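Q: Fold the following and give me the result.
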Amino acid sequence: MSTIIGLWITSTVYAQWSKTNQQTTATKDTLIENITTVGYKETNDIMKMIGWFSSKQEIEKILIDNGMRKTDSKYIVLQPDTILYETIQELQKKYGNVKITFTRPKSIDESYDGHFSKRKNTIQIHLRNIIEKIKSSKNEKVSFQWETLDIKLMEMSHKIQPITFKKKWNDFRTFIKVGFDYDEMYDTEWTIEYEAHKILEPQIINEFLEIYASKIDTTNMQDIEKADAIFERYEYTNKNSDKRNVNVQFMLKREDERNLNKMKRKQ
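A: Okay, here's the model as predicted:
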């Protein structure tokens, strides 16, 4: 009996992270029209939002179709960045064109902002949660553009992660040990969440930064300033690699200079 209960709890725990919330037929018809080189049209729409390749009116329509209130449109402030768009497209193609969709948590208890469904090869972004986070924050680094990019990079780690029954079983045993507190799984060594976000996610971020840096013009101050913002937001941990391109070295040198100036100001 205890075995049956254990298996039921296991399936329940993992099911809540893999279910896609239903959207209206009209929204699906509007956003998922055909497969493109980077996945569903909805996927490309979301990536264009990150790089701001769409007009604000187009972006607002897509977001309203997916649960954003019209009065919340003032919180969607985007900065155009063609290099960012090209970078995430390149990552998309390399890692099997993972789909990206908007979805809504079933209840207010589900506070996570994003989730990857391996079965559906889909990153689900919880739009309402992100908007509420933006509305309640006075930090300029909390924006639709940045939060959406964060979720994409974080959940891509699950895309490249091999999942076996043994891993799931070990996770279930660990879940019991930590008192059914799922947040603890992220800091417990060699759980699925630990491997994804402590081991694999930094590797994806390194690659993201390397691709982005390789595309900038180091004589163009606008390019440099946008790259500065990205290198300040994400930590590049591959600093001892011999494979770094010249532009990455350029950005790391700027990072060192910024850190040195901060130290001098504190003295």
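Q: domain ranges for the chain?
A: Structural domains annotated on the chain: 1-160, 187-267, as defined by automatic domain parsing.
Q: Just tell me which of those domains ends up closest to Gly179.
A: Among those, the nearest to Gly179 by Cβ to Cβ is domain 187-267 (11.6 Å). The way it works is simple: take the backbone N, C-alpha and C, and place the C-beta from them, glycine included.
Q: where do the helices sit along this structure?
A: With DSSP state H, the ranges of helices along the chain come out as 2-15, 25-31, 41-51, 56-65, 82-94, 127-136, 144-159, 165-177, 192-194, 201-215, 221-233, 246-266.
Q: which one of these has the lowest average pLDDT?
A: If you rank the helices of the chain by mean pLDDT, helix 25-31 sits at the bottom with a mean of 32.
Q: closest to Phe116 out of the helices of the chain?
A: Closest to Phe116 of these, according to Cβ to Cβ: helix 144-159, at 3.9 Å.
Q: Residues contacting that closest one, please?
A: Residues outside helix 144-159 that contact it (Cβ atoms under 8 Å, 6 or more residues apart in numbering): 46, 49-50, 52, 75-79, 84, 88, 91, 95-96, 98, 100, 113-116, 118, 121, 123, 125, 130-131, 133-134, 196-197, 200-201, 204-205, 208, 233-234.
Q: rewinding a little: can I get the domains of the chain in TSV with distance to Gly179?
A: Output for the domains of the chain, formatted as TSV (distance: least, Cβ to Cβ, whole Å):
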stretch	distance to Gly179
domain 1-160	13
domain 187-267	12
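Q: Same list (these) but as CSV, adding distance to Lys177 and mean neighbour count.
A: Output for these, formatted as CSV (distance: least, Cβ to Cβ, whole Å; neighbours: other Cβ atoms under 10 Å):
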stretch, distance to Lys177, mean neighbour count
domain 1-160, 13, 16
domain 187-267, 8, 15
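Q: Ok, which of those domains comes nearest Asp181?
A: If we rank the domains of the chain by Cβ to Cβ, the stretch that ends up nearest is domain 187-267, at 10.0 Å.
Q: From Lys133, how far out is Met185?
A: Met185 is 22 Å from Lys133, where distance means Cβ to Cβ, to the nearest Å.
Q: I meant Tyr194, not that one.
A: According to Cβ to Cβ, Tyr194 stands 24 Å off from Lys133.
Q: just Lys177 next, same as before
A: Lys177 is 31 Å from Lys133, where distance means Cβ to Cβ.
Q: now do Lys167
A: As judged by Cβ to Cβ, Lys167 and Lys133 stand 30 Å apart.
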